[in-house]
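Chemist: For reference, the sequence and a predicted model appear below.
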Amino acid sequence: MLFRQLEYLVALAGERHFARAAEQCGVSQPSLSEAIRKLEEELAVPLIRRGRRFDGLTAEGDRVVAWARQILADRDSLLTAVGAMRTGLTGRLRIGTVPSAGVTAPRLIETLGVAHPLLTTDVASDLTSVTIVDRLRDFSLDAALTYLDDDMRAEFRVLPLYLERYALLVGPDRAAVLGPVASWADAAALPLCLLTPSMRGRRMMDDCFADAGTAPVAEVETDSFATVLAHVANGRTAGVVPLAWLHALGVPAGVRAIPLAKPPKPVQIGLVVRARDPQPPAVRALLAAAEETDFRELESGPAGYPTGSATRSRSVRL
């Protein structure tokens, strides 16, 4: 069994097309097909449903692909570890983030880069929490910044970083009526730009609205907090964003940020990696960087952000 046979099979599982998989691997289609056929002979099981074109993997093929991804990831980790002994930690680290944590990644990567300047980091932002779990499982992500819950803790190694807090972004006129602190009922009374309902961050916000005995009616829905900021800056809609975004990008010109009541259940953001021993060298370095990075200020607003009691509950209609 050769690594290249496993690489060809993984490529075929991803592309679902012989010619595209061969192109990705830099070989001819007959070479790729023959290598996979020899792998089937060695394992004595069919891996591919063959017709006039690729018809998918067999049940055995699905299982072998899962093993192949892990074997190839271990090979890459071995090469990285040996290389680090010679020249320092190098290679490529793949991190995924949910939308609310997208602006948190630079804070972590800056710490990592100081210690390991030869390590390259790829960041896939605005992923759903479900996509992150799938990509951690199939080894296409090495780590993720995402929401922590019991299921995540049971399957993966997690490092809690900070509790997510929210601000209501409005224009100056609405801010003058709302005062120093807003309730979730206040926010629900406004024309809002929010994340799409399929996203975990939106569902957590909806829980906060429900706890206040109300529900929002979003005029605009998006998968990006950057889009929320742009719509609020345009003037018509209000928006709810995590305080981490205000730390990273500031409050848009002509917009006011008002503290929102704390969520009834803490919303925790953390670093998530596969539960493995030993961890790949780059992942160990990332965990160490996360331990050294201070995320606590993300639980409060940036400089100039108003403060006040978060117990106010009256609803203001605007």
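Modeler: Received, thanks.

Chemist: quick one: the strands in the stretch 1-150 of the chain?
Modeler: Secondary structure of the stretch 1-150 of the chain by DSSP state E, counting those that start in this stretch: the strands cover 48-50, 54-57, 91-97, 119-124, 143-147.

Chemist: okay, the ones you listed, which one's buried deepest?
Modeler: When you average the neighbours per residue for each of the strands of the stretch 1-150 of the chain (mean count of other CB atoms under 10 Å), strand 143-147 leads with a mean of 26. (Glycine included, C-beta is placed from N, CA and C.)

Chemist: Buried ones in the next helix or strand after it, by neighbour count?
Modeler: Of the helices and strands lying after strand 143-147 in sequence (DSSP states H and E), the nearest is helix 150-155. Of the residues in helix 150-155, residue 152 count as buried by neighbour count, 16 or more other CB atoms under 10 Å.

Chemist: Which residues outside helix 150-155 are in contact with it?
Modeler: 133, 146, 158, 270, 272, 275 (CB atoms under 8 Å, 6 or more residues apart in numbering).

Chemist: and after that helix, which helix or strand comes next?
Modeler: Read in the C-terminal direction, the helix or strand following helix 150-155 is strand 156-163, with elements assigned using DSSP H and E.

Chemist: picking up where we left off before, narrow the contacts of helix 150-155 to just the buried residues.
Modeler: 133, 146, 158, 270, 272.

Chemist: What separation do you get for the first one and residue 207?
Modeler: Okay, so that is residue 133. 20 Å (CB to CB, to the nearest Å).

Chemist: what's the answer for residue 234, then?
Modeler: Residue 234 sits 28 Å away from residue 207, going by CB to CB.

Chemist: what does residue 147 give?
Modeler: In terms of CB to CB, residue 147 sits 12 Å off from residue 207.

Chemist: Then residue 302?
Modeler: In terms of CB to CB, residue 302 sits 25 Å off from residue 207.

Chemist: Next: residue 36.
Modeler: Residue 36 sits 47 Å away from residue 207, going by CB to CB.

Chemist: More neighbours: which of those two?
Modeler: Taking other CB atoms under 10 Å, residue 36 and residue 207 do not tie; residue 36 has more neighbours (21 against 15).

Chemist: Do you know the pLDDT at the more buried one?
Modeler: pLDDT, residue 36: 92.

Chemist: show me what contacts it?
Modeler: Contact analysis of residue 36 by CB under 8 Å, 6+ apart lists 5, 8, 9, 12, 47, 48.

Chemist: Now the most centrally placed residue in the chain: closest residue in space, sequence neighbours ignored.
Modeler: By CA atoms, centre = their mean, the chain has its centre lying nearest to residue 97, at 1.9 Å. Nearest-residue entry for residue 97: residue 145, 4.4 Å, with adjacent residues in sequence omitted and distances by CB to CB, 6 or more residues apart in numbering.

Chemist: That neighbour pairs with what?
Modeler: Using DSSP bridges, the bridge partners assigned to residue 145 are residue 97, residue 271.

Chemist: do you know how far it is from residue 37?
Modeler: According to CB to CB, residue 145 and residue 37 sit 41 Å apart.
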